[in-house]
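In: take a look and give me a structure for this.
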Amino acid sequence: MTDHGRFPLLDGYRALAVILVVTTHVGFFSGVLLIPVAGPIIARMDFGVTLFFLLSGFLLYRPWALAAMTGVRFPGIRIYALRRGGRILPAYWVMAAVVLIALPFLLPIARADWTDWAKYLGLVHIYSPDLPLAGLGQIWSLATELAFYAALPLIAWVAGRIGRGDPRRSSRRQLTVLACCAGIAVGFNLLTAATFSDDLPEAATWLPAHLDWFAAGMALAVVHSRLGLTTPPRWMTVVRRLAQDTPTCLVIAIALFVLSSTPIAGPAAYEASHTPQSLLIKNGLYLAIAVALLLPGFLGGAQAYQSLWGRALTHPVVVYVGAVSYGIFLWHMAVLTVLADALGWGTHWGTFFGLWAGTAIISVAIATVSWFWLERPVQKFTHRWRPHSSR
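Out: Take a look at the predicted model:
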């Protein structure tokens, strides 16, 4: 859960991320991705997934980063697993069951068989060559998140073994390990794009392909923790000053986003193949955009909170959308799929705005029910147990 006392902007960032994801999917269904200039811009809004991955890396790794630098015990694995599972699985299982049962009655698609149920409920469908089922195309990122949850304690153990209790030595070790994680992502993407892009396209959704995005969030967690302990390195204070300069961060993010919308980052159409070079450029630009956007929220402190950007992100409506963003993420593809089939509009801006409004309204309504009747009660239940640290 968000530590609202220290990171008051993060629900606003979640709202931004889910709006970006919904917008790019509506662009795909409405066909406006094929429109020059505006189409590539909407297509690149899928970097909302990058925002989600960095947020996860930062928030989940912070306790491990601080424990390694201060020499205290690492967070307990059982409580960590209980809370992570409780956060994502019950709401997801309800959505998946409804979609797998109901959509074949609403759309001309085949019913899911038992293997579909097993793969999707287990979030292992991304390791199968089958195309995503209707209404569940976005769930690849949730499966990747789950893989990251499983890998995080191991990465934290490797990164935190050396220099425990010594902030200077420990932070260096952790950043080195995280740089290696980023290198794994680069190497994996080069290998898959150059060798397996046709035979194994699903590999682009696996954790190694996005480990650099998670690692960037984790590295910022190291920086945040290190800034509060003894005298930090000069480069970290420079990063903090940049984070406190919200307008500069936003200008950098917007400029990089515009660059990512050009052919330098490869084709905008989802079904088109990337060259190894364009894939690395696109992933690198997405990473840089997300870091520039999130820096004020992670390290900006009171200056970022008091800025116009900070006030916008903490507006009650934005905060509410951020609070229910997981439910919006889960349900929006099913809602969008049914609306697009029912309305049958052509490729034009009227289709885009109509689908966007309908999808947003219905998804927020369902997400509200999910939040108050399922997600929040489960979170309260899993937080009844106090975390016991492990060695």
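
In: so how far is the longest helix seen in the chain from its chain's centroid?
Out: Secondary structure of the chain per DSSP state H: the longest helix is helix 77-106. Centroid separation for helix 77-106 versus its chain: 17 Å, with CA atoms, centre = their mean, to the nearest Å.

In: ditto for stretch 298-309
Out: Here stretch 298-309 is found 21 Å from its chain centre; the criterion is CA atoms, centre = their mean.

In: ok, then the element right after the longest helix of the chain?
Out: helix 114-121 (DSSP states H and E).

In: what helices or strands is that following helix leaning on?
Out: With contacts taken as 3 or more CB pairs under 8 Å, 6 or more residues apart in numbering; DSSP states H and E, helix 114-121 sits against helix 77-106. Placement of C-beta: from N, CA and C, glycine included.

In: which outside residues touch the helix or strand bottoming out on mean pLDDT in the chain?
Out: Among the helical and strand segments of the chain, the one scoring lowest on mean pLDDT, DSSP states H and E is helix 301-306, with a mean of 90. The contact list for helix 301-306 (CB atoms under 8 Å, 6 or more residues apart in numbering) reads 8, 9, 243, 244, 245, 246, 296, 297, 310, 314.

In: which stretches of the stretch 251-391 of the chain have low pLDDT?
Out: 269-274, 347, 386-391 (pLDDT under 70).

In: leaving out the residues flanking it, which one is nearest to residue 125?
Out: Nearest residue to residue 125 in three dimensions, chain neighbours excluded: residue 119, at 4.0 Å (CB to CB, 6 or more residues apart in numbering).

In: pLDDT value on the one you found, please?
Out: The score at residue 119 is 96. That number is its pLDDT.

In: hang on, the earlier thing: name the residues of the longest helix of the chain that are buried.
Out: 79-80, 82-84, 86-92, 94-96, 99-100, 103 (16 or more other CB atoms under 10 Å).

In: what's the answer for stretch 104-115, then?
Out: By neighbour count on 16+ other CB under 10 Å, the buried set for stretch 104-115 is residue 112.

In: next one: stretch 183-196
Out: Of all the residues in stretch 183-196, those buried under the rule 16+ other CB under 10 Å are 184, 185, 186, 188, 189, 192, 193.

In: relative to residue 238, how far out is residue 116?
Out: Computed as CB to CB, to the nearest Å, the residue 116 to residue 238 distance reads 50 Å.

In: more crowded one of those two?
Out: It is residue 116, of residue 116 and residue 238, that has more neighbours when counted by other CB atoms under 10 Å, with 18 against 10.

In: residue 66 reaches residue 225, doesn't it?
Out: Yes: with contact defined as CB atoms under 8 Å, residue 66 reaches residue 225; the gap is 4.4 Å.

In: adding neighbour count, distance to residue 350 and secondary structure, write the contacts of helix 301-306 out as TSV.
Out: TSV is the format used below for the contacts of helix 301-306 (neighbours: other CB atoms under 10 Å; distance: CB to CB, whole Å; DSSP: H, G, I helix; E, B strand; the rest coil):
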residue	neighbour count	distance to residue 350	secondary structure
8	18	38	coil
9	28	34	coil
243	25	41	helix
244	18	43	helix
245	18	40	coil
246	22	36	helix
296	27	36	helix
297	25	35	helix
310	19	35	helix
314	17	34	coil
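
In: closest to residue 24 out of the residues you listed?
Out: Nearest to residue 24 out of those is residue 297 (CB to CB; 21.5 Å).

In: now do the same for residue 309: helix, strand or coil?
Out: Following DSSP: H, G, I helix; E, B strand; the rest coil, residue 309 is assigned to helix.

In: and the closest residue to it other than its chain neighbours, how far is that from residue 301?
Out: Leaving out its chain neighbours, the residue that sits closest to residue 309 by CB to CB, 6+ apart is residue 246, at 4.9 Å. Using CB to CB, residue 246 is found at 11 Å from residue 301.

In: same check, this time on residue 181
Out: Distance, residue 181 to residue 301, by CB to CB: 27 Å.

In: do residue 265 as well
Out: Residue 265 is 32 Å from residue 301, where distance means CB to CB.

In: looking at the two, which is more packed in?
Out: residue 265 (22 against 15).

In: could you find the closest non-adjacent residue to the more buried one?
Out: Nearest to residue 265 is residue 282, by CB to CB, 6+ apart, at 4.0 Å.

In: now the helix or strand that contains the one you found: buried residues?
Out: Element membership for residue 282 (DSSP H and E) is helix 276-299. Buried residues in helix 276-299, defined by neighbour count with 16+ other CB under 10 Å: 278-283, 285-299.
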